[in-house]
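# got a predicted structure plus its sequence, pasted below:
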Amino acid sequence: MSDYLLAGDDEGQRLMRQAAYLAPHTERALRAAGIGPGCRVLDLGCGMGDVALLAAELGAEVVSIERDPAVAAAARERLGRRVEVVVGDIAEAKVEGTFDAITGRLILMYVRDPAAVLRDLVTRVLHPGGAVAMIEYDFRSTLMLPGAPLLRDTIASVCRIIDAAGFHGDLGLRLPEVFTAAGLATPQLEAHLWTSIAGDELAPEMATAVLRNTLPLGEKLGVVTAADFDLATLPARMRAEIRTQTGVGPLVVSAVARR
């Protein structure tokens, strides 16, 4: 990951709000991977530590990798001794020992060759018979669904930036091909459609924050310009739309398989 798209000043808080929404879906994936007491887990892309924390609460011993030293420090402060946080890039993970499971949420979509990175980790650190549980967005699949136009257009802009940066806005439904290329069995999938109805504050806030944080790179790549958006009023305009029609956000896809 030579570029990190989501690096705004408010990113830590946004990640934790997103994590609370995704927690039930994520916990089901971790349980499906057999994560529990006696299980040693390698978590990819620690962020503020929410996936690692879920695994630890299930009884696992967790090592989590985070590339940004400042974010890693914040995660350590939040998680205490429940999780070991290692600074490094997941493509060059330097961790000791082997693991019963590898987890990650919204991380492989920001890796240029997710199958190669996952294949290397599976080969080097995952026990034979060990499990992989990954959760990724699929932005593109929801752009064809009806729903609040402003939320859909905002997601489409983010998707254009992600694609232009060489990452993968449609990775969720492509996880089976990534898993099989990484030497894993065909995964068990579960998909959740992020929807927003009247009174929802989270989806407009999240969509605006992601656009704000990716916008500088989008401008650098010539995909969008700041003048295309009025970020100050965008959440309020989204909320007004979803009072009368359902907002459809990204598809959240979990994939679980064993080596």
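Everything's here; your move.

# and S64, what are its bridge partners?
Bridge pairing for S64 (DSSP bridges) gives the partners D43, V85.

# look up the pLDDT of it for me, please.
Looking at S64, its pLDDT reads 97.

# which ones are touching it?
42-44, 46, 49, 51-52, 75, 83-86 (C-beta atoms under 8 Å, 6 or more residues apart in numbering). The C-beta positions use only the backbone N, C-alpha and C, and glycine is treated the same way.

# cool, G34 as well?
Residues touching G34, when contacts are defined by C-beta under 8 Å, 6+ apart, comprise 100-101, 131.

# can you give me the distance of it to H127?
The gap separating G34 from H127 is 11 Å, by C-beta to C-beta, to the nearest Å.

# for this protein, what spans make up the strands?
40-44, 61-66, 83-87, 99-105, 126-138, 188-196, 247-258 (DSSP state E).

# reformat those strands as JSON lines; add distance to P24.
What follows is the strands of the chain, written out as JSON lines (distance: least, C-beta to C-beta, whole Å):
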{"stretch": "strand 40-44", "distance to P24": "18"}
{"stretch": "strand 61-66", "distance to P24": "19"}
{"stretch": "strand 83-87", "distance to P24": "20"}
{"stretch": "strand 99-105", "distance to P24": "13"}
{"stretch": "strand 126-138", "distance to P24": "11"}
{"stretch": "strand 188-196", "distance to P24": "9"}
{"stretch": "strand 247-258", "distance to P24": "11"}
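
# quick one: closest of those to L211.
strand 247-258 (12.7 Å; C-beta to C-beta).

# from the chain's centre, how far out does the closest one sit?
10 Å (C-alpha atoms, centre = their mean, to the nearest Å).

# likewise for stretch 198-212?
On the basis of C-alpha atoms, centre = their mean, stretch 198-212 is displaced by 16 Å from the centre of the chain it belongs to.

# just stretch 90-99 next, same as before
The chain centroid and the centroid of stretch 90-99 are separated by 20 Å, computed with C-alpha atoms, centre = their mean.
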